[in-house]
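Undergrad: fold the following and give me the result.
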Amino acid sequence: MRIQKPLNIKKQKLILLLIVFFNFFNISIKSQTAEENTLAGIDLIYHLKFDSAESKFREIINSDRRNPAGYFFLAMIDWWKINLNKENESLDEIFFGKVDKVIEVADEMLDKNENDDNAMFYKGGALGYRGLVKGLRESWLKAAEDGREAINLLQRANEINMNNKDVLFGVGLYNYFAEYIPETYPVVKPLMLIFPKGDKVKGLSQIKETLNGSKYAKTEAKYVLAYLNVIYEKNYIEAETYSKSLTEEFPENPVFQKYLGNSYVGQGKWTEALSVWKSIIEKTDSSKPGYSSVFLKRESNYYTALCFLKLNRIIEAEPYVEKALEITQKIDTENDDAYTSYIYLISGMLNDVKGNKSTAVNFYDKVLSMKNYQNSHQEAERFKKDGYKQF
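TA: I've put the predicted structure just below:
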């Protein structure tokens, strides 16, 4: 029988180092593959290629079922489906179920290590988006409960790892809206007493910082900055910068395209705005993925009509005004929608230009019978008195 010589110490150390290296290399490859799949999947979400994105996230889950990342981004697919058609509530429960799974997996990680900032990030993010959907449904108390728990988790994660810019994105969002929401929605103000105080300026700065240093939230941060600058800040030049960049990268995403159109309207760039809104109409008419919402069809017809009116192309404006009016009368059965008010206003403007004064006044009176959306009453009263004048 041949006796095998024992390995000398140097060879033993070498083999041990090789074992450690290959184990580490294998972990790194898995981690790298998971990160690549995550980034690719996120990109696919913004391209509205949801099935392909889901495949990427399923791979992440199958490689490590204890990691909340794959579950979180699966939920984000459904968030974006909701975001494309906010009036459709049919996906809410599916989304909530996926959020519950993120929380379950993150809680298992936190049971093992209560200072796991990664688990806090995914749990906090999932709760934050669930709160956002609850807010869309005007379930303010539940939205507030989710929001409070989310910001507590994200702030703790930020304290543990201040270099995580993805966490900073969530903190920045909170800081912005915690100041803005009580000012805009008085019904929510009492609920905000249990929250840390917000800071809009600081929040905007933190979201902008995310653009340069985050791993996963860069595109979402750019989208949020386009949204905030169009809807709340009214900084249409900055909104154009963000929304144009997004639209160039994701040309089939109607949310990004809408904000580009809005940024042009806000600046009075009517020719550029017309090009964007007509493109959206073409996509809604051909039922492109993501463009099926009847609310988007109404909005795009309204803005196309407005652009033609502002460009003094009255004959071309008319069919779009009629289409917008037809759609809003079907979907706004309570006659209390902001877009209905705006469509009545431009219907009056169009009839003014055509010389149909009595019809124009009827539309202005309809605007005045509704809530005052932005300055709709002031405009209607002015046009009713002096008529809409072309420039």
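
Undergrad: how about the strands of the stretch 201-350 of the chain, start to end?
TA: Using DSSP state E, counting those that start in this stretch, the stretch 201-350 of the chain contains no strands.

Undergrad: low pLDDT regions in this structure?
TA: Scanning the chain with the threshold set as pLDDT under 70 gives 1-32, 391.

Undergrad: switch to 50 and redo it
TA: 1-7, 11, 13-30 (pLDDT under 50).

Undergrad: break it into its domains for me.
TA: By the assignment in automatic domain parsing, the chain contains the domains 22-196, 270-391.

Undergrad: wait, which of those domains is closest to Glu238?
TA: domain 22-196 (14.4 Å; CB to CB). The C-beta positions use only the backbone N, C-alpha and C, and glycine is treated the same way.

Undergrad: ok now that closest one, how far from the chain's centre?
TA: 13 Å (CA atoms, centre = their mean, to the nearest Å).

Undergrad: if we can go back for a sec, just send the domains of the chain back as CSV, with mean neighbour count too.
TA: Shown next, in CSV, are the domains of the chain (neighbours: other CB atoms under 10 Å):
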stretch, mean neighbour count
domain 22-196, 18
domain 270-391, 18
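
Undergrad: what is the burial count for the nearest residue to Lys288 once chain neighbours are set aside?
TA: Nearest non-adjacent residue to Lys288, counting by CB to CB, 6 or more residues apart in numbering: Glu252, 6.8 Å away. Taking other CB atoms under 10 Å as the criterion, the count of residues near Glu252 is 16.

Undergrad: hmm, Glu252 is touching His47, no?
TA: Yes. Here Glu252 reaches His47: they are 6.6 Å apart, a contact under CB atoms under 8 Å.

Undergrad: so who does Ala221 touch?
TA: 169, 207-208, 210-211, 214 (CB atoms under 8 Å, 6 or more residues apart in numbering).

Undergrad: which one of the residues you listed is nearest to Arg130?
TA: Phe169 (16.8 Å).

Undergrad: so that closest one touches Ser205, yeah?
TA: No. The pair Phe169 / Ser205 is not scored as a contact, 11.9 Å apart, by CB under 8 Å.

Undergrad: of the contacts of Ala221, buried ones?
TA: Buried subset of those (neighbour count, 16 or more other CB atoms under 10 Å): 169, 207, 210-211, 214.

Undergrad: closest one of these to Glu299?
TA: Ile207 (25.3 Å).

Undergrad: quick one: that closest one and Val224 touch, right?
TA: Yes. Using CB under 8 Å, Ile207 is in contact with Val224, at 6.0 Å.

Undergrad: which residues do these two both contact?
TA: Residues touching both Ile207 and Val224 by CB under 8 Å, 6+ apart: Leu173.

Undergrad: can you give me the helices for the stretch 101-250 of the chain?
TA: 117-136, 140-160, 165-184, 200-213, 218-231, 236-249 (DSSP state H, counting those that start in this stretch).

Undergrad: with distance to Ala40 added, can I get the ones you listed in JSON lines?
TA: Below are those laid out as JSON lines (distance: least, CB to CB, whole Å):
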{"stretch": "helix 117-136", "distance to Ala40": "18"}
{"stretch": "helix 140-160", "distance to Ala40": "25"}
{"stretch": "helix 165-184", "distance to Ala40": "17"}
{"stretch": "helix 200-213", "distance to Ala40": "20"}
{"stretch": "helix 218-231", "distance to Ala40": "13"}
{"stretch": "helix 236-249", "distance to Ala40": "14"}
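
Undergrad: of these, which is nearest Tyr303?
TA: Using CB to CB, the helices of the stretch 101-250 of the chain put helix 218-231 closest to Tyr303, at 12.6 Å.

Undergrad: which parts of that closest one are buried?
TA: Within helix 218-231, judged by 16+ other CB under 10 Å, the buried ones are 218-230.

Undergrad: could you export it as PDB, CA atoms only?
TA: Provided in PDB are the C-alpha atoms of helix 218-231 (Å, rounded to 0.1, in the frame of the first residue of the first chain):
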ATOM      1  CA  LYS A 218     -30.800  57.200 -11.100                       C
ATOM      2  CA  THR A 219     -33.600  57.000 -13.600                       C
ATOM      3  CA  GLU A 220     -36.300  57.100 -10.900                       C
ATOM      4  CA  ALA A 221     -34.700  60.200  -9.500                       C
ATOM      5  CA  LYS A 222     -34.600  61.900 -12.900                       C
ATOM      6  CA  TYR A 223     -38.300  61.000 -13.400                       C
ATOM      7  CA  VAL A 224     -39.200  62.400 -10.000                       C
ATOM      8  CA  LEU A 225     -37.300  65.600 -10.700                       C
ATOM      9  CA  ALA A 226     -39.200  66.100 -14.000                       C
ATOM     10  CA  TYR A 227     -42.400  65.500 -12.200                       C
ATOM     11  CA  LEU A 228     -41.700  67.800  -9.300                       C
ATOM     12  CA  ASN A 229     -40.600  70.600 -11.600                       C
ATOM     13  CA  VAL A 230     -43.600  70.300 -13.800                       C
ATOM     14  CA  ILE A 231     -46.300  69.800 -11.200                       C
END
